[in-house]
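> next comes the sequence, and after it the predicted model I'd like to discuss.
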Amino acid sequence: MKTGVTNREIWRIAYPIMLGNLAQTVITFTDTAFLGHLGTIELSASMMAGLFYYVFTTLAMGFAVGIQIFIARRFGESNRQKIGVIFEHGALFVLALGILLLGFLLFFSEGLMRIIIESENICAASMDYLRIRRFGIVFVVFNFLFRSFYVGISNTKVITYSTILMAVVNIFFDWCLIFGNCGLPEMGVGGAACASLLAEITAFGFFWIYTFFTIPHEEYGMFRWHRLQPKLMGDILKVAFPCMIQRLFSFGAWFAFFILIEKMGETAIGVSSVVRSTYMILIIPSFAFAATANTLTSRIIGEGKSDEVMAMLRKVVKNGVLCSLVLAVLTAIFPDVVLRIYTDDLGLVSAAVPSVWVVCVATVLGAVGMVYFEAVSGTGNTTAAMALEFGVLIAYVFYVFLTTRTSTIGSVWTAEWFYNIVIGIISFLYIWKADWRKRVI
């Protein structure tokens, strides 16, 4: 069956999301690019501490996906008054979640990092980064909530503005605080953490101001006190909680990937630091088109056009693959040029090239697998999505465990091929064969 969703509409949603996904990636990219010129220890420390931090933010990210599904469904039903109520309930939840996560990071992060990281040098530098960066989690949880709101109503241009603002703030303060420019103290790794914190606070303030002055309060029921509705909060959590656990599993497995690599030695983790930053740039389109598939799936179901979902997904996959292919081919042809952004160490660059080629292939595979997987959540059956990914991640971590003991670092990165292929096939079969069309949320 054909779909009424056009390529233009897909890009209208996906393009700003790409820039929105770039928000956190820009922080990783700039931190890696600046710290890579200080040394391998600093580079590895910022990556390990950053990943540890992001594992906790995934709970807010997962909750935001649940909110996005609800908002997109109400938007498709033209029930916009309900959107403000949903957003308010989401804001109360992420406030409590942010405070809880900050408390955990304050009291337990140092002990956990000492257990996880074998290298004393990397562990010490990681804590220099995390002691500052962890205070940003209260702002990050709200930033995720705002992005889910704008993706859900298919008005994503604000994400572009927030990303540009974050990038400018982060780059400027990285340059100032890492190296001690503009009369500011030279803080090294701690300077990168401080710059990232300031960027997150800036985005938080921008989202609130933009939303207050541009979103029609009456139409969307925004910025007014609504009576707390336990049933609505329960319905939201019923959809969002599996997303939270799923994201926690997903990023937890990603963190485990680097923990296992760190045990291969400081050179291996240094190589993976620059490869990871390259990969995170390459898969921005995949994440964007996956988020587009999620919101369009939920919206189309809300419009009563469930039979168009498969046709829409094929169109999203086509656009995602073409976009990802361009980035992957250019990177594969000029890997040295890309890697020299992060480090002047020619030995590190040479050692990282084979892994970069591996992630170039993974990028194209992810443009297919991620779209179908996010569509599973878009149907509203987030429990199925959680169970699906949990099974794949167990196999993924086992694959990484074996390759870190028997293979080169490039071979370890083929775990990304394994993940994207398996999750894509299983998700496609679910969308094709499972009975999800009559699910009500």
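On my side now, so go ahead.
> tell me where the stretch 1-150 of the chain has strands.
Here the stretch 1-150 of the chain has no strands by DSSP state E, counting those that start in this stretch.
> tell me the pLDDT at the residue located most distally from the centre of the chain?
The C-alpha centroid of the chain is most remote from Gly183, which lies 34.1 Å away (C-alpha atoms, centre = their mean). Gly183 carries a pLDDT score of 90 in this model.
> again, but for the one 10 residues further on
As summarised for this prediction, Ala193 has a pLDDT of 93.
> next SSE after whichever strand or helix holds it?
Assigned by DSSP states H and E, Ala193 belongs to helix 189-214. As assigned by DSSP H and E, the chain's next helix or strand after helix 189-214 is helix 217-220.
> tell me the first helix or strand C-terminal of that following helix.
helix 230-262.
> and that following helix, how far from the chain's centre?
12 Å (C-alpha atoms, centre = their mean, to the nearest Å).
> check stretch 25-32 too.
The answer for stretch 25-32 is 13 Å, by C-alpha atoms, centre = their mean.
> quick one: contacts of it?
43, 46-47, 50, 163, 166-167, 170-171, 174, 192, 195-196, 199-200, 273-274, 276-277, 280-281, 284, 342 (C-beta atoms under 8 Å, 6 or more residues apart in numbering). No exception for glycine: its C-beta is placed from N, CA and C like everyone else's.
> got the CA positions of that stretch in CSV?
What follows is stretch 25-32, C-alpha atoms only, in CSV (Å, rounded to 0.1, in the frame of the first residue of the first chain):
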residue,chain,number,x,y,z
THR,A,25,27.4,14.7,19.8
VAL,A,26,28.8,18.2,19.4
ILE,A,27,29.8,18.1,23.1
THR,A,28,31.5,14.7,22.6
PHE,A,29,33.1,15.8,19.3
THR,A,30,34.5,19.1,20.7
ASP,A,31,35.7,17.6,23.9
THR,A,32,37.4,14.8,22.0
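> state the mean pLDDT of that stretch.
72.
> cool, stretch 94-114 as well?
94.
> run the chain-centre distance for it.
With C-alpha atoms, centre = their mean, you get 19 Å for stretch 94-114.
> in it, what's buried?
94, 97-98, 101-102, 105, 109, 113 (16 or more other C-beta atoms under 10 Å).
> Throw the residues you listed into JSON lines and include distance to Asn319, thanks.
Formatted as JSON lines, the buried residues of stretch 94-114 follow (distance: C-beta to C-beta, whole Å):
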{"residue": "Val94", "distance to Asn319": "31"}
{"residue": "Leu97", "distance to Asn319": "34"}
{"residue": "Gly98", "distance to Asn319": "35"}
{"residue": "Leu101", "distance to Asn319": "35"}
{"residue": "Leu102", "distance to Asn319": "39"}
{"residue": "Leu105", "distance to Asn319": "38"}
{"residue": "Ser109", "distance to Asn319": "40"}
{"residue": "Met113", "distance to Asn319": "40"}
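> is it true that Ile423 touches Phe373?
Yes. Using C-beta atoms under 8 Å, Ile423 is in contact with Phe373, at 5.1 Å.
> common neighbours of these two, please.
388-389.
> before we move on, back to that, which SS state does the residue farthest from the centre of the chain fall under?
Using DSSP: H, G, I helix; E, B strand; the rest coil, the secondary structure recorded for Gly183 is coil.
> might you report the residue contacts of it?
Contacts of Gly183 by C-beta under 8 Å, 6+ apart: none found.
> that one and Leu177, how far apart?
Plainly put, Gly183 is 11 Å away from Leu177 if you go by C-beta to C-beta, to the nearest Å.
> repeat for Trp254
Counting by C-beta to C-beta - Trp254 and Leu177 are separated by 27 Å.
> these two - which one has more neighbours?
Ranked by neighbour count (other C-beta atoms under 10 Å), Trp254 and Leu177 place Leu177 first, with 24 against 21.
> elements contacting the strand or helix carrying the more buried one?
Element membership for Leu177, per DSSP H and E: helix 157-179. Helices and strands touching helix 157-179, by 3 or more C-beta pairs under 8 Å, 6 or more residues apart in numbering; DSSP states H and E, are helix 7-35, helix 137-152, helix 189-214.
> out of those helices, deepest packed?
helix 137-152 (a mean of 25; mean count of other C-beta atoms under 10 Å).
> for this structure, which spans come out with low pLDDT?
1-2, 16, 19-24, 26, 438-441 (pLDDT under 70).
> pull the residues that contact the host helix or strand of Ala328.
Element membership of Ala328 [criterion: DSSP H and E] is helix 309-333. Residues outside helix 309-333 that contact it (C-beta under 8 Å, 6+ apart): 1-3, 5, 7, 10-11, 14, 278, 281-283, 285-286, 288-290, 292-293, 296-297, 300-301, 338, 356-357, 360-361, 363-364, 366-368, 371-372, 375, 379, 431-432.
> buried ones in stretch 379-392?
Within stretch 379-392, the residues that count as buried by 16+ other C-beta under 10 Å are 379-386, 388-389, 392.
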